[in-house]
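Visitor: Have a look; sequence and predicted model below, questions after that.
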Amino acid sequence: MLTAIDENGQVVNLLEIEVKELTGKYFCPSCKSELFIKNGEIKMPHFAHKSLKACDLWLENESEQHLGLKKALYQWFKKTDKVEIEAYIPEFKQRPDLLVNDKIAIEIQCSHLSMKRLKERTENYQVHGFTVLWLMGQDLWLKDQITNLQKNLVYFSENRGFYYWELDFKTQKLRLKTLIHEDLSGKIIYLQEEIPFGQGRLIEQLRLPFLSKKLLTIPLIVDLKLAEFIRRQLYYCSPKWLKLQEKY
Ligand SMILES: [Zn+2]
């Protein structure tokens, strides 16, 4: 985590202060336990719990990727908008990675989370009048197939169809995958656009799916081996294809 509460109850943000300026004791805004300052070789300076057992806000220590992405997006937003990092929202005990203009919660998701937790967190934001946007780190990037969790993180707009946001820490890019669909063999097909970190106003870039644009299309190649593929799926009793066969 990049923020903590100091002995006077003030929030300290490691992105705005030099580590050498930190002298007193620092505490977690949720469980109130004392935090370490970690200033290692690999990860950027951050606070860490001595024990996470009593904390319901921080379930695990963060990766270098997560800390780095939070920092990059914080700086990008900060150029043009009001942004808070790890702002603690006491009404529903949540701490979005970034809170933009008081109402837009940005969640940078770098590891798997349960569907139950995703639903809970999303609903909490909505009930309390926040908009939440999930941006995905490397482990959750869309690959050849789509998982149930990813299906729940896909958004829809008239202009871009089903779309999905990814963050690339290595190349420092925000990636928008659009017109996402599954072909008959279960493979995921999409178009993608990349925006280098720092380019333009981030809050505008995140509205990209809603901007009208010349209709996007994906040219599809007719798969001549499709009949053979379906035959094989039925031969091996693939549940998906058996169900379809039954229907027809
Ligand atoms: Zn804590």
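Guide: Everything's here; your move.
Visitor: for stretch 199-211, what is the average pLDDT?
Guide: Stretch 199-211 carries an average pLDDT of 94.
Visitor: Kindly apply the preceding question to stretch 8-19 instead.
Guide: 91.
Visitor: go on, stretch 80-95?
Guide: Rounded mean pLDDT across stretch 80-95 is 90.
Visitor: Pull out the buried positions in the helix or strand where residue 132 lies.
Guide: Using DSSP states H and E, residue 132 falls within strand 131-136. Neighbour counts over strand 131-136 (16 or more other Cβ atoms under 10 Å) mark 132, 133, 134, 135, 136 as buried. The way it works is simple: take the backbone N, C-alpha and C, and place the C-beta from them, glycine included.
Visitor: do the same with stretch 233-248
Guide: 233, 241.
Visitor: Show me what it is in contact with.
Guide: 186, 230 (Cβ atoms under 8 Å, 6 or more residues apart in numbering).
Visitor: now with 10 Å?
Guide: With contact meaning Cβ atoms under 10 Å, 6 or more residues apart in numbering, stretch 233-248 is reached by 184, 185, 186, 229, 230, 231, 232.
Visitor: Of the residues you listed, select the buried ones using a ChimeraX command.
Guide: Those of these that count as buried under 16+ other Cβ under 10 Å are selected in ChimeraX with:
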select :230
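Visitor: circling back: mind putting the buried residues of strand 131-136 into a markdown table with pLDDT and distance to the ion?
Guide: Converted to a markdown table, the buried residues of strand 131-136 look like this (pLDDT from 0 to 100; distance: Cβ to the ion, whole Å):
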| residue | pLDDT | distance to the ion |
| --- | --- | --- |
| 132 | 95 | 21 |
| 133 | 96 | 25 |
| 134 | 97 | 23 |
| 135 | 98 | 24 |
| 136 | 97 | 25 |
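Visitor: Need the max-distance pair from those residues.
Guide: Using Cβ to Cβ, the buried residues of strand 131-136 span at most 13.4 Å, a distance reached by 132 and 136.
Visitor: shared neighbours of those two, which are they?
Guide: Contact criterion Cβ under 10 Å, 6+ apart; residues shared by residue 132 and residue 136: residue 107.
Visitor: For the residue nearest the centre of the chain, give its distance to residue 108.
Guide: Centroid check for the chain by Cα atoms, centre = their mean gives residue 135 as the closest residue, at 2.7 Å. Relative to residue 108, residue 135 is positioned 5 Å away (Cβ to Cβ, to the nearest Å).
Visitor: so what sits against both of the two?
Guide: 69, 73, 97, 98, 165, 167.
Visitor: can you tell me which of those residues are in strands?
Guide: Residues of the shared contacts of residue 135 and residue 108 located in strands (DSSP state E): 98, 165, 167.
Visitor: which one's the longest helix in the protein?
Guide: helix 64-78 (DSSP state H).
Visitor: strands paired with whichever helix or strand comes after that helix, and their directions?
Guide: Downstream of helix 64-78, the next assigned helix or strand under DSSP H and E is strand 83-85. Strands that pair with strand 83-85, judged by DSSP bridges, come out as strand 98-100 (antiparallel).
Visitor: Now do the helix or strand following the strand it pairs with: which elements does it pack against?
Guide: As assigned by DSSP H and E, the chain's next helix or strand after strand 98-100 is strand 104-109. Strand 104-109 sits against helix 64-78, strand 83-85, strand 98-100, helix 115-127, strand 131-136, strand 161-168, helix 202-205, with contacts defined as 3 or more Cβ pairs under 10 Å, 6 or more residues apart in numbering; DSSP states H and E.
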